[in-house]
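Peer 1: below are the sequence and a predicted model for it; my questions follow.
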Amino acid sequence: MTYHLALFILIIILALAAVMAKNMLFSALILSLVSVGVSLILFTFASPWAAVFELSVCAGLITALFISVINLMPKEKKLLNESRLKFTLLPVVLLIMAVISWIYIVPFFEYLSKHPHLSIHNYPLGQIIWKDRVFDLIGQICIFAAGVFAIKSLFARSINEQKSHKSQVTGHKF
Amino acid sequence: MTNIFSIDWYFISLLFFIGLSCILISKNMFKQLIGLEIMSKACLLAVILSGAATNNVNLAQAIAISMILIEAIVITVGLSILIKIYKTTGSLDLRKLL
């Protein structure tokens, strides 16, 4: 229980640091540490598959994407030119929110956890993914296709650009 | 003695609040994506915690895997929009878009 709570507190502190960081690269790296912490918590909830996905996709792939996007920008743009006052006030606001949550949210969820709607069946993960929730897979494929089309349309070349690119490659003037 | 599940929910709500406040406070698109990521992590933990509380962890894991994949696609598209905006305006400030 102590390990569990320590992980949660660590995640909160890291998330706060990621939000307050002035440097984009620092922020992305701390976010990957938050992902590592979340995956460790998922392991403690006896859900290893979700933890492995979180570790590989969020802590690995998304961090790599963030870092590659940051590297596309010039050095002076990597620092955020925003008013720091609102970010320095954030821990105070979070503290107030923590007190309010402790008064209202904890008793509410304590009441809910006393009357849980326990599931009768706990089928294996493979059966749930490939049989019970096949529609989720179709949805995922659709969202993936939508993402690919979105990126393709965002970085679409105009006809003139395509012609000039071809002429550069082949050396032939159109 | 407070229940462990309610304490977990307490921390998850704080994590969600941090992400939400990042989206609301910051005018930088990159920071807003970071806030979105933190919020989605809070939601992921909430789904798994619900599964653990109702003795149905495997169903929660299946939903969590779907959530992680969708999150990755959303962040990828968001980052590509960010690059496009940066190429167009030379800045990531949302106020310069108006």
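Peer 2: Looks like it arrived, so ask away.
Peer 1: tell me which stretches of chain A form helices.
Peer 2: Under the criterion DSSP state H, helices of chain A are mapped to A:2-20, A:24-44, A:48-53, A:63-71, A:85-114, A:125-127, A:134-154, A:159-170.
Peer 1: can you tell me how far the residue nearest the centre of chain A is from residue A:108?
Peer 2: In chain A, the centroid-proximal residue (Cα atoms, centre = their mean) is residue A:58; its distance is 5.7 Å. Noted for residue A:58: a distance of 29 Å to residue A:108, by Cβ to Cβ, to the nearest Å. Just so you know, the C-beta spots here come from the backbone N, C-alpha and C atoms, and that holds for glycine as well.
Peer 1: same check, this time on residue B:98
Peer 2: Here the distance between residue B:98 and residue A:108 works out to 40 Å (Cβ to Cβ).
Peer 1: would you list the helices of chain A in JSON lines and tack on mean pLDDT?
Peer 2: As requested, the helices of chain A are exported to JSON lines (pLDDT from 0 to 100):
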{"stretch": "helix A:2-20", "mean pLDDT": "91"}
{"stretch": "helix A:24-44", "mean pLDDT": "93"}
{"stretch": "helix A:48-53", "mean pLDDT": "92"}
{"stretch": "helix A:63-71", "mean pLDDT": "91"}
{"stretch": "helix A:85-114", "mean pLDDT": "84"}
{"stretch": "helix A:125-127", "mean pLDDT": "80"}
{"stretch": "helix A:134-154", "mean pLDDT": "89"}
{"stretch": "helix A:159-170", "mean pLDDT": "70"}
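Peer 1: any chance of those helices in TSV, plus distance to residue B:58 and mean neighbour count?
Peer 2: Conversion of those to TSV gives the following (distance: least, Cβ to Cβ, whole Å; neighbours: other Cβ atoms under 10 Å in any protein chain shown):
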stretch	distance to residue B:58	mean neighbour count
helix A:2-20	20	18
helix A:24-44	13	21
helix A:48-53	9	20
helix A:63-71	28	16
helix A:85-114	20	14
helix A:125-127	5	14
helix A:134-154	14	13
helix A:159-170	49	11
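Peer 1: the ones you listed into a markdown table, with extra columns for distance to residue B:73?
Peer 2: As requested, these are arranged in a markdown table below (distance: least, Cβ to Cβ, whole Å):
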| stretch | distance to residue B:73 |
| --- | --- |
| helix A:2-20 | 21 |
| helix A:24-44 | 16 |
| helix A:48-53 | 14 |
| helix A:63-71 | 11 |
| helix A:85-114 | 29 |
| helix A:125-127 | 22 |
| helix A:134-154 | 4 |
| helix A:159-170 | 27 |
